[in-house]
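>>> Quick one, what's the 3D model for this:
(chains A and B)
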2 protein chains.
Amino acid sequence: MKFEVTILGSSSATPVFNRNPSAQLLNCNEKYYLIDCGEGTQQQLTKYNLKATRIDYIFISHLHGDHYFGLIGLLSSLHLNGRTKSMQIFGPKPLLEILEIQFKYSDTVLRYPIEFFPIEANESFKIFENSELTVKTIMLNHRIPTTGFLFEQKPRQRKLIKEKADEIPMAYYTALKKGIDVELPDGKIIKSEDYTTPADPPKSYAYCSDTMYDERYFSTIKDCDTLYHEATFLHELLDRANETHHTTALQAGEIANVVGAKKLLIGHFSSRYKTLQMLLEETQSVFENTELAIEGRTFQL
Amino acid sequence: MKFEVTILGSSSATPVFNRNPSAQLLNCNEKYYLIDCGEGTQQQLTKYNLKATRIDYIFISHLHGDHYFGLIGLLSSLHLNGRTKSMQIFGPKPLLEILEIQFKYSDTVLRYPIEFFPIEANESFKIFENSELTVKTIMLNHRIPTTGFLFEQKPRQRKLIKEKADEIPMAYYTALKKGIDVELPDGKIIKSEDYTTPADPPKSYAYCSDTMYDERYFSTIKDCDTLYHEATFLHELLDRANETHHTTALQAGEIANVVGAKKLLIGHFSSRYKTLQMLLEETQSVFENTELAIEGRTFQL
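Prediction:
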């Protein structure tokens, strides 16, 4: 089952050097989940051949413009292109007011419904669940109310051993995949463990958009498989990071260590850095399995 | 004196095929005037090496998103990059409300003042004037209140003939350039027409963003030197153009003829057209001096 994320924007605050503001597209079993939506996100989707029409869920971490200024344009384009299916949007409560005022003055009545779920940034809780994954908020520490998002796959079924499965009626497959032994009409006992292999373990992806180092959110992302964490500055600018409630590249690596993440992606780079190698090396000095979350890269989660 | 316009976006409604939504940068004597500001305009400015920091005046024709969704991002980036000088914005009254609500929820107090001038779309009037040009609104006929903008250079001074001017004191230059004859201390009469050549005639640029064919605005743009006019559809889609209050490529050419424009730029192309040659040829069939207003092109006005 596909579980991957494509980076659409890696820049903090302002777009620079072909780096776009924050946005990521999560593909979970061919369902699209958009995470943040900076200005130009719809153009980025086009650039990387990702169909915006397939997005059904949007998660906005906070109301700094580099994380949501592209949302109104994306929603408008979907309307103009004839969308009728609903869109679920999760974000800070005032986001709906911001969208509605712009639809009002453009005299736009959307052809599709928006189901808006306001996020209260007071404690971590589950905001979304379907048959494949759950999404929890991560209580970040930024200048305005901000939440990250923890995407967790649900436990999955055991996998049939194809060659062996041909021997028995298909009606028994569901039970076997659930780990249940079955009895055939002739009395023969079919053991699940003989006909299936264990399920892939469910994976998790933690998205920490904008935050300063703060141990209070570490428990929520403990043992995550892949951690995306902002790393706006080099550690020599720690004072600036604290002042603006951001994280340094070194701190991002330390956080990955402390929470026991298996892999780390860093992003949200300050426009002062024309190249990113120094940020990567600083993080890797404490957490080796780190990659740059830059535009157009897709990571298997 | 420089008087030129660079096209930043040529697409209607939604960004497609590397065509961005509407935005143009007018350079009048090295002062920058931004006309409309679709999503991604700040990225387009960067792409074409045009410094956003040099923009002091912004004109927004109407509140359909493809003409202003990039404004909040541009203004935010200027703030983050340390701008302190004021910005004058001319546009429909609710635009200020839309900007303010977004600054409010991002907890942004701009470091520079915005001087907002609401435009009432009821009749054509002068909304701006400085030493170099005046700007008048053009009453367009679109689905929501919409104005175009007529940029007219002011009459300029006669030009000194350098070799001859060396003979006389500089104190007399101002009068001569204004066409006034002067008397030197020795009684000699210096005729302006002997020491200067006529000024370049003032030029005008009419920007008609979104409108259907409507003779009522033709008087405002009569005899303009360069007319930018939307040409969303081929004429075979006239019904669709009327229904959506847009213009066909053929009609744009007819308008240029009727108002006596010297040159025509067409833009705001529907996303249904992957290439634009047919639109250009249709317009040129009635008005030959037409060019496509496409991204990155700069036109001397």
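
>>> Which secondary structure element of chain A has the lowest mean pLDDT?
Lowest mean confidence among the helices and strands of chain A (mean pLDDT, DSSP states H and E): helix A:162-165, at a mean of 85.

>>> Show me what that one is packed against.
Here helix A:162-165 touches helix A:192-195, going by 3 or more CB pairs under 8 Å, 6 or more residues apart in numbering or on different chains; DSSP states H and E. Heads up, the C-betas are built off the backbone N, CA and C, glycines and all.

>>> And the strands in the stretch 1-150 of chain A?
Assigned by DSSP state E, counting those that start in this stretch, the stretch 1-150 of chain A shows strands spanning A:3-9, A:23-28, A:31-37, A:55-59, A:87-92, A:114-119, A:126-129, A:133-139, A:147-153.

>>> In JSON lines: those strands, plus distance to chain B.
Putting the strands of the stretch 1-150 of chain A into JSON lines (distance: least, CB to the nearest CB, whole Å) gives the following:
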{"stretch": "strand A:3-9", "distance to chain B": "11"}
{"stretch": "strand A:23-28", "distance to chain B": "13"}
{"stretch": "strand A:31-37", "distance to chain B": "11"}
{"stretch": "strand A:55-59", "distance to chain B": "15"}
{"stretch": "strand A:87-92", "distance to chain B": "7"}
{"stretch": "strand A:114-119", "distance to chain B": "13"}
{"stretch": "strand A:126-129", "distance to chain B": "19"}
{"stretch": "strand A:133-139", "distance to chain B": "18"}
{"stretch": "strand A:147-153", "distance to chain B": "15"}
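
>>> Switch those strands over to TSV; also include mean pLDDT and mean neighbour count.
TSV is the format used below for these (pLDDT from 0 to 100; neighbours: other CB atoms under 10 Å in any protein chain shown):
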stretch	mean pLDDT	mean neighbour count
strand A:3-9	98	23
strand A:23-28	98	23
strand A:31-37	98	24
strand A:55-59	98	21
strand A:87-92	98	21
strand A:114-119	97	15
strand A:126-129	97	14
strand A:133-139	97	21
strand A:147-153	98	25
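
>>> Tell me which of those strands sits nearest to residue A:218.
strand A:133-139 (9.6 Å; CB to CB).

>>> Mind listing the strands the closest one pairs with, and their directions?
For strand A:133-139, the paired strands and their directions (DSSP bridges) read strand A:126-129 (antiparallel), strand A:147-153 (antiparallel).

>>> Can you get me the centre-to-centre distance for the first one and its chain?
The gap between the average C-alpha position of strand A:126-129 and the chain average comes to 13 Å, counting by CA atoms, centre = their mean, to the nearest Å.

>>> Three-state assignment for the residue of chain A most remote from its centre, please.
Relative to the centre of chain A, the most outlying C-alpha is that of residue A:186, 49.1 Å out, by CA atoms, centre = their mean. Under the three-state scheme (DSSP: H, G, I helix; E, B strand; the rest coil), residue A:186 adopts coil.

>>> what does chain A have sitting close to chain B?
Residues of chain A lying close to chain B (CB under 8 Å from any CB of the partner chain) are A:13-16, A:20, A:39-40, A:42-43, A:46, A:63-66, A:69-70, A:72-73, A:76-77, A:80-81, A:92, A:94-95, A:97-98, A:101-102, A:105-107, A:143-144.

>>> Quick one: low-confidence residue ranges for the stretch 151-300 of chain A.
The stretch 151-300 of chain A contains no residues with pLDDT under 70.

>>> Just the helices from it, written as ranges.
Ranges of helices within the stretch 151-300 of chain A are A:162-165, A:173-177, A:192-195, A:238-243, A:249-259, A:277-284, based on DSSP state H, counting those that start in this stretch.

>>> Nearest approach to residue B:54 belongs to which of these?
helix A:238-243 (27.3 Å).

>>> So for that closest one, what gets flagged as buried?
Buried residues in helix A:238-243, counted by 16 or more other CB atoms under 10 Å in any protein chain shown: A:238, A:241.

>>> and the nearest residue to residue A:77 once chain neighbours are set aside, what does it touch?
Using CB to CB, 6 or more residues apart in numbering or on different chains and skipping the chain neighbours, the partner closest in space to residue A:77 is residue B:14 (4.1 Å). Residue B:14 sits next to A:42, A:76-77, A:80-81, B:21, B:66, B:271 when contact means CB atoms under 8 Å, 6 or more residues apart in numbering or on different chains.

>>> most surrounded residue in those?
Counting neighbours by other CB atoms under 10 Å in any protein chain shown, residue B:21 leads the contacts of residue B:14 with 32 neighbours.

>>> distance of that one from chain A?
8 Å (CB to the nearest CB, to the nearest Å).

>>> Could you check the pLDDT of that residue?
With respect to pLDDT, residue B:21 scores 97.

>>> Now it: closest residue in space that isn't a chain neighbour?
Closest to residue B:21 by CB to CB, 6+ apart is residue B:38, at 2.6 Å.

>>> likewise residue A:147?
That would be residue A:137: by CB to CB, 6+ apart, it lies 4.1 Å from residue A:147.

>>> Residues touching stretch A:266-280, excluding its own?
Applying CB under 8 Å, 6+ apart, the contact partners of stretch A:266-280 are A:7, A:10-14, A:16-17, A:19, A:22, A:209-210, A:228-234, A:246, A:249, A:252, A:283, A:290-294.

>>> Straight-line length of that stretch, end to end?
8 Å (CA to CA, to the nearest Å).
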